[in-house]
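Engineer: predicted structure and sequence below. I'll ask about it afterward.
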Amino acid sequence: MNDKFVSVIRTVFAKLFSLIFLSLAIAIIFSLIISVAKGFMEGTDFMKIFLSSVNTAIIALALFELALVVNREHSGSDEEEGAVASLRRTIPRFIGLVCIALALEGLIMVIKYSQLELAGNLYYPVAIISSTALLLAALAFFLRLTAK
């Protein structure tokens, strides 16, 4: 009885959080569409619209991926597997997406600062790109340690 109750609660919360993350992703996509349309109507530079929309789209994609992971991994499944096997399956996808988002953010900042001739501010994108490399190395280390 207790295990059944915990399984039901786990499934309900997994569905609830999945719905919350999915709703946030949809709201961000709508916000992205509105901001792109507004930018075009106001005559904003295409490159500026593109750079800001990439950031927003990647955040929406990360939230969508998080909703999928929460739904898949935490919904009531009858077969219980090890925590390491579950993490090994889901963490690389999410961390990979975060690494892509961070790398793009760093590259966009490099482009933006070079266009505005603000070379003194390049410490920030270099720190972001270095942190991304460190995160990717940590993921590789995790996958190596948990290999069968």
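Structural biologist: In hand now; what should we look at?
Engineer: chain neighbours aside, what residue packs nearest to residue 64?
Structural biologist: Once flanking residues are discounted, residue 64 sits nearest to residue 25: 4.3 Å by CB to CB, 6 or more residues apart in numbering. The C-beta positions use only the backbone N, C-alpha and C, and glycine is treated the same way.
Engineer: okay, and the one you found sits in which element?
Structural biologist: helix 2-42 (DSSP states H and E).
Engineer: helices of this protein, start to end?
Structural biologist: 2-42, 46-74, 83-115, 123-145 (DSSP state H).
Engineer: tabulate those (JSON lines), appending mean neighbour count.
Structural biologist: What follows is these, written out as JSON lines (neighbours: other CB atoms under 10 Å):
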{"stretch": "helix 2-42", "mean neighbour count": "13"}
{"stretch": "helix 46-74", "mean neighbour count": "16"}
{"stretch": "helix 83-115", "mean neighbour count": "15"}
{"stretch": "helix 123-145", "mean neighbour count": "13"}
